[in-house]
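Engineer: coordinates for the following, if possible.
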Amino acid sequence: MQVSEYVTLLTSTEAILPPWRGPVALLVLGGAVVVAMCWVWWSRHSQAADSRASGERDPSWWVMAHAAVLVGWLALVYLFAGVGLVFGAGPGLWTLLLSSAVSLGVVLALLRPFESIRRAVLITSAVGIVTVVSATLIAGAFFDLSWDGQFYHQEAVLQIDEGWNPVHDPAAGSMVWVTHYPKAAWYQAAAIVATTGRIETGKAPGLLLAAVSVSLVFVMISEGLPRIRRWAPPVALLVAPGPIAAVQWATFYADGMLAALLLLMLSAAVIACLRPDLWRPCLAVAVASSVLATGVKLTGAIYVAILIVGIAPAFWRRAPAGGATRRAALGALAIVVAGSLIAGYNPYLTNLRLAGNPFYPVLGPGAIDVTGAQADTGFLERGPVGRFVVSHASASGDRIRPKSPLAVGWPELVAMGAADTRHGGFGPLSAASFLASCACAPVLLRRYRSLSLDGRRLATWAVPAVAVSVAVNPAAWWARYVPQAWFLVPAAALIALDSALADRRRGGLGVVVAALAVALVVANGVLVSGPNVASQVIGTEQVLHVHHELRGLLSAEGLVLEVDPQGHRAGLRRLDEAGIAHAVVDLEADEGGPLPGSLVTARIR
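Structural biologist: Below is the predicted model of the structure:
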């Protein structure tokens, strides 16, 4: 190829797509192996689950123990990183190792009922290590192609990795978002990046939380919905991550992490009601998830405060001894508050000191409107309910486009390749799924009446809590800001199907309606995750191809790659890691073009 052709390649957003290599093979092979293993293992042990014996042959206990360890490990990384910054030590390998050592103590506490404690600890620790390593490898195999991910998320991680201390010198942050936003995901990413030396591996915590959320939905279906237990692995895999996590898995966006954490809180409460003997790992998961949720987004603190009220009945009463449960629940609440304030000194106390508002710049006095400029003209003049209904009933995309609930257009599939679709953000069939779930109301009402006292109490408190947490956000029309709004849709469909199958004497209509609702939810999950995975694979392959061609051209022709970062240093770090020499310069608007998959401008000379 001539030099001019390489320049065209650089200045175009479309690169030649070679045969797919590592990323897609790693993703597809790893996912297929995990699903197959889970399905076979659960089929072999389903009879043990029926017996509800809390021994080594109880799959639910194992899953909850693994979940508590992994979520607890992430919470400890956040806590130790925050405390370390108080003493001037930035996140790094020491953070990961110290958190792992403390997590070992958690493993010992959780696995006390096992007779073979040594074997149990080895298995749990090995599974945890394999999960963390796998998530790190997958995260590192894909590039974050999103705007926000490169604009300020990676920038924040780079600043912390380079020595910025948000506790002692918060004003040194390069932009308002970096200075004032929660930093749990950034602390975790900085610790991982400092260990691996690769910026993209910092996305691993989001993948870990998504995997844990799948495992807890797995347990809920198996323990609470026995008539569809056989299909627990694939249903959990398609339903649990939710549309928001499904489109943000390969980015540094925090909305998908928040969605997983809120789902973990609710799932832990449900499992505690279904299996009182699992209250200890359930409480551990709920506490760790609550602390992390307050540390990934400012709205997370508000959501957690509301949802704690909703899940309180599960932990206030369900335990071998009522007094011990209440003391544990109060202690857990104290841990959530203390952990959120200690590890989250920046932003909450820092914002209160600098701006007089702990939720600055999102809510309260001095808030910056980050959604108004991106809404259609006149859209925000509608009331909150009108905005919510119109936006989520719209075709998926960045502009309002009315459509039939069952219609799916190619532009909607393209929109699912983005991490922050504004309208119809829960998926092309989300409106149809919602309507079908609402049609299951008679079956759900009968199921509610048949619940135990504790079950009815949890449903009475938790469902309104989720609805309130959505209603309090003025930006509820944008799906990624209220990921928990989707939780009730698949839950209603799955519960209705299980109930209808158990009560067929009332007629087959309930089974048909519930099956249709589940089918729509699953189809919506496929239509969301499929295009997004394809988009990430193609985008990553384009970037890899450009890097390969650049290395060959620059070394063979003795040319220079000139790059104008325009304040986006993530693109420079990507070039450094790829071993591509470059010179940082200021380019005029007509002197270069966008580097594929990056926010920087470049040219070859």
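
Engineer: and for residue 75, the neighbour number?
Structural biologist: Number of residues near residue 75 (other C-beta atoms under 10 Å) recorded here: 27. Heads up, the C-betas are built off the backbone N, CA and C, glycines and all.

Engineer: what packs against whichever strand or helix holds it?
Structural biologist: Secondary structure assignment for residue 75, by DSSP states H and E: helix 59-86. When contacts are defined as 3 or more C-beta pairs under 8 Å, 6 or more residues apart in numbering; DSSP states H and E, helix 59-86 sits against helix 22-51, helix 93-110, helix 117-141, helix 184-196, helix 204-224, helix 255-274, helix 279-296, helix 322-343.

Engineer: pLDDT below threshold where in this structure?
Structural biologist: Applying pLDDT under 70 to the chain flags residues 1-57, 110-118, 173-174, 317-325, 504-507.

Engineer: next one: the lengthiest helix in it to chain centre, how far?
Structural biologist: With secondary structure taken from DSSP state H, the chain has its longest helix at helix 509-557. Here the centre of mass of C-alpha atoms in helix 509-557, compared against the chain's by C-alpha atoms, centre = their mean, to the nearest Å, lies 16 Å away.

Engineer: name the strands paired with the next helix or strand after it and say parallel or antiparallel.
Structural biologist: Past helix 509-557, heading to the C-terminal end, the next element that is a helix or strand (DSSP H and E) is strand 561-564. Using DSSP bridges, the strands paired with strand 561-564 in its sheet are strand 583-584 (parallel), strand 601-604 (antiparallel).

Engineer: if I look at residue 141, how far off is residue 250?
Structural biologist: 9 Å (C-beta to C-beta, to the nearest Å).

Engineer: cool, and residue 167?
Structural biologist: Plainly put, residue 167 is 30 Å away from residue 250 if you go by C-beta to C-beta.

Engineer: among those two, which residue is more densely surrounded?
Structural biologist: Between residue 167 and residue 250, counting by other C-beta under 10 Å, residue 250 is the more crowded of the two (30 against 17).

Engineer: for that one, helix, strand, or coil?
Structural biologist: coil (DSSP: H, G, I helix; E, B strand; the rest coil).

Engineer: can you check residue 364 too?
Structural biologist: With three-state DSSP as the basis, the three-state label of residue 364 is coil.

Engineer: excluding residues flanking it in the chain, which one is nearest it?
Structural biologist: For residue 364, ignoring the flanking residues on the chain, the nearest one in space by C-beta to C-beta, 6 or more residues apart in numbering is residue 357 at 4.2 Å.

Engineer: and the one you found, how many neighbours?
Structural biologist: The burial count assigned to residue 357 is 17, neighbours taken as other C-beta under 10 Å.

Engineer: that one against residue 366, yeah?
Structural biologist: Yes: with contacts counted by C-beta atoms under 8 Å, residue 357 reaches residue 366, the gap being 6.0 Å.

Engineer: end to end, how far does stretch 339-356 reach?
Structural biologist: Counting by C-alpha to C-alpha, to the nearest Å, the length from the leading to the trailing residue of stretch 339-356 is 22 Å.

Engineer: got the contact list for that stretch?
Structural biologist: Judged by C-beta atoms under 8 Å, 6 or more residues apart in numbering, the contacts made with stretch 339-356 from elsewhere in the structure are 75, 78-79, 81-83, 86, 166-167, 170-171, 180-184, 187, 290-291, 294-295, 298, 301, 304, 357-361, 365-366.

Engineer: repeat that with 6 Å
Structural biologist: Contacts made with stretch 339-356 from outside it, assessed by C-beta atoms under 6 Å, 6 or more residues apart in numbering, are listed as 78-79, 82, 166-167, 170, 180, 182, 291, 294-295, 358, 360, 366.

Engineer: need the buried ones from the residues you listed selected in ChimeraX.
Structural biologist: Typed into ChimeraX, the line below selects the buried ones among those, using 16 or more other C-beta atoms under 10 Å:
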select :78,79,82,166,167,170,180,182,291,294,295,358,360
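
Engineer: would you list the contacts of stretch 339-356 in JSON lines and tack on distance to residue 328?
Structural biologist: As requested, the contacts of stretch 339-356 are arranged in JSON lines below (distance: C-beta to C-beta, whole Å):
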{"residue": "78", "distance to residue 328": "22"}
{"residue": "79", "distance to residue 328": "19"}
{"residue": "82", "distance to residue 328": "24"}
{"residue": "166", "distance to residue 328": "33"}
{"residue": "167", "distance to residue 328": "31"}
{"residue": "170", "distance to residue 328": "35"}
{"residue": "180", "distance to residue 328": "34"}
{"residue": "182", "distance to residue 328": "27"}
{"residue": "291", "distance to residue 328": "16"}
{"residue": "294", "distance to residue 328": "20"}
{"residue": "295", "distance to residue 328": "23"}
{"residue": "358", "distance to residue 328": "28"}
{"residue": "360", "distance to residue 328": "35"}
{"residue": "366", "distance to residue 328": "39"}
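
Engineer: ok, so of the contacts of stretch 339-356, who is nearest residue 192?
Structural biologist: Proximity of the contacts of stretch 339-356 to residue 192 (C-beta to C-beta) peaks at residue 78, which lies at 12.3 Å.

Engineer: quick one, what contacts the closest one?
Structural biologist: Each residue near residue 78 by C-beta under 6 Å, 6+ apart is listed here: 184, 187, 295, 343.

Engineer: next: residue 82.
Structural biologist: Going by C-beta under 6 Å, 6+ apart, residue 82 touches residue 343.

Engineer: next one: residue 439
Structural biologist: Taking C-beta under 6 Å, 6+ apart as the definition, contacts of residue 439 comprise residue 513.

Engineer: go on, residue 403?
Structural biologist: When contacts are counted by C-beta under 6 Å, 6+ apart, residue 403 is found next to residue 395.

Engineer: that one: what secondary structure?
Structural biologist: At residue 403, secondary structure determined by three-state DSSP is coil.

Engineer: now swap in the one 4 residues further on and tell me
Structural biologist: Assigned with three-state DSSP, residue 407 falls in the coil class.

Engineer: ok, it - contacts?
Structural biologist: By C-beta under 6 Å, 6+ apart, the contact list for residue 407 is empty.

Engineer: may I have the phi/psi pair for it?
Structural biologist: Its backbone dihedrals place residue 407 at phi -80, psi 140, with angles given as degrees, to the nearest 10.

Engineer: against residue 431, how distant is it?
Structural biologist: 10 Å.

Engineer: same deal with residue 481?
Structural biologist: Summarising the geometry, the distance separating residue 481 from residue 431, computed by C-beta to C-beta, is 18 Å.
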